[in-house]
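Chemist: Here is the input, now give the coordinates:
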Amino acid sequence: MIYGAGPIGLCAAAALKGKGIKDIVIIDLNNHRLEVAKKMNLDTFNPKTDGDLQSYLTQRFGSGLIGNAGNQTVDVDLFLDAAGAPNVIPEFFQMCKRFARHVVIAGYKQAIEFNPLPMLNQECSIIGTGPYDSDTVKEVIGYLETKNTGIENIITHRFKLDEINEAFKIARTDPQAIKMLIDYRE
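Modeler: Predicted coordinates:
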């Protein structure tokens, strides 16, 4: 399950697909980004319009065991956080099954607070990511080149090199912009 259908979340989904993982749900509030995710053959969920996330995940993946704190959990092993929204980590703790992992790949703009007790009860973990080594980059590029990941769908705008300022402006202001392609060949 991936929070965030921006460039990072969609690229992560493509890499997972390239690795052979098929059951991927991507969550976002932006319907345009979710439409792009659908073009990549991903299941999508918008919490504003589709109902309760935990109920959806339970229906889609099944229930995990009742947590040590007595809460119902969802049978999801991996949560990727490409959103950086303050509700994401507390929501993970609310529904994670035992030994689930939450990997933070988003940059958080503000500090968040959470109760660490579920980490003890569920033995779940939060993992950060950092720079990748060249072997990992080559591996992912190989997935994207040879597998049917749908990665080409994330390019929403194309610009020539002399239009680069316009590209940055659109990237900052257009909520439907996902990934800009700057063609430097002239």
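
Chemist: give the contact list for the residue nearest to H32 when sequence neighbours are not counted.
Modeler: In this structure, H32 finds its nearest non-sequential neighbour in Q176, 4.4 Å apart by CB to CB, 6 or more residues apart in numbering. C-beta here means a position set from N, CA and C on the backbone, and glycine is covered the same way. Shown in contact with Q176 (CB atoms under 8 Å, 6 or more residues apart in numbering): 30, 32-33, 156.

Chemist: looking at this, Q176 is in a strand?
Modeler: No. Q176: not assigned to a strand; according to DSSP: H, G, I helix; E, B strand; the rest coil it is coil.

Chemist: Most neighbours among the contacts of Q176, which one is it?
Modeler: R33 (25 neighbours; other CB atoms under 10 Å).

Chemist: before we move on, which element is it in?
Modeler: Element membership of R33, judged by DSSP states H and E, is helix 31-39.

Chemist: any idea of the mean pLDDT in that helix?
Modeler: Here helix 31-39 scores 95 as its mean pLDDT.

Chemist: and if you look at stretch 42-55?
Modeler: Mean per-residue pLDDT for stretch 42-55: 96.

Chemist: And it, end to end?
Modeler: 19 Å (CA to CA, to the nearest Å).

Chemist: just how off-centre is the helix or strand that comes right after the helix holding R33 within its chain?
Modeler: Later in the chain than helix 31-39, the nearest helix or strand by DSSP H and E is strand 43-45. Taking CA atoms, centre = their mean, to the nearest Å, one finds strand 43-45 lying 11 Å from the centre of the chain it belongs to.
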